[in-house]
Structure formats: structure tokens, C-alpha cells
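A.B. asks: Have a look at this fold, sequence not included:
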């Protein structure tokens, strides 16, 4: 069931919000507000150390000595949190590892931190998501 409500905003803030909506290709303000609320709810799940999902992406030079082995060893330490992983050869030197994870937020964050801290990781990112149970 949908509920209607109204909000009051300064004109300048509303103009910035409308630009945000255009830039992110929302159909309307309601869709954008719903999405922003859901993002806040996902962040609350992470802050409360609830069961969450996420995607860890790593970019690295595959010539870095023993780095792939270290990545694999860390993943094995957290095997119960890893749903899937994909290794992509980006070019002759660079690879990307994408790891889908699920578990308590603190443990998932710990896994991401351990992986991104490995010497030779050029870029590491954790995209935080939800199991979806609390977003309906």
C-alpha cells in the first residue's frame, strides 16, 4: 500500500534535488526519495551488524609476486561468507576479482579490509547491500 505525504524544502535544495533526479534518471521525486530512504536503511543494517550482502571488487597487477595466492588464502579464511567470486583479466597486466559476500556486517567488512589492505591491490571497494528482508 502506498501512502502520500508532503515535505517542505527550501527552493534551492529542491532545485539541487531535481538536478540529482535528472542526473540519475529517476522518473519522479517519489522514486528518488524511496531509493534514498532504502540506502539509509541498508546503512543502518550495516551499522547494527546485521546479516547483509555485499560485493568486494579488487583491481591488481597479476605480476605482483604471490598476490593471487594471498587473495585466495584470505578468501579461504572467510569461505563461509563467500557466495561467489569471479576473476577477470582486464588486460595483459591487470586483473579484477569480484567477490559476492554474505554474513554479519562486521565480518564482511573485516574480509573487505583484509583484502584491500594486501600489498599490490591497486583499488579495492566494498559495495554494501542488504539481504532485502528489512526493505519492504
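C.D. replies: All right, it came through fine. Only a predicted model underlies this, so the values are computations on that prediction, with no experimental measurement involved.

A.B. asks: now the longest helix seen in the chain, how far from the centre of its chain.
C.D. replies: Longest helix in the chain, counting residues (DSSP state H): helix 29-47. Shown here is helix 29-47, whose average C-alpha point lies 14 Å from the average C-alpha point of the whole chain (C-alpha atoms, centre = their mean, to the nearest Å).

A.B. asks: same check, this time on stretch 82-89
C.D. replies: With C-alpha atoms, centre = their mean, you get 15 Å for stretch 82-89.

A.B. asks: Are we agreed that residue 109 is in a helix?
C.D. replies: Yes - under DSSP: H, G, I helix; E, B strand; the rest coil, residue 109 falls within a helix.

A.B. asks: For residue 2, see how far away it is.
C.D. replies: 34 Å (C-beta to C-beta, to the nearest Å). In this view, the C-beta of every residue, glycine as well, is placed from N, C-alpha and C.

A.B. asks: low pLDDT regions in the chain?
C.D. replies: 136 (pLDDT under 70).

A.B. asks: Can you give the domain ranges for it?
C.D. replies: Residue ranges for the domains of the chain, per automatic domain parsing: 11-47, 51-130.

A.B. asks: Endpoints of the shortest one, how far apart?
C.D. replies: It stands for domain 11-47. Between the opening and closing residues of domain 11-47 lies a distance of 33 Å (C-alpha to C-alpha, to the nearest Å).

A.B. asks: Show me which positions of it end up buried.
C.D. replies: Using 16 or more other C-beta atoms under 10 Å as the test for burial, domain 11-47 gives 21, 26, 32, 42, 45-46.

A.B. asks: Tell me how far that domain lies from the chain's centre.
C.D. replies: 17 Å.

A.B. asks: cool, and the longest one?
C.D. replies: For domain 51-130, the distance between its averaged C-alpha position and the chain's averaged C-alpha position is 12 Å (C-alpha atoms, centre = their mean).
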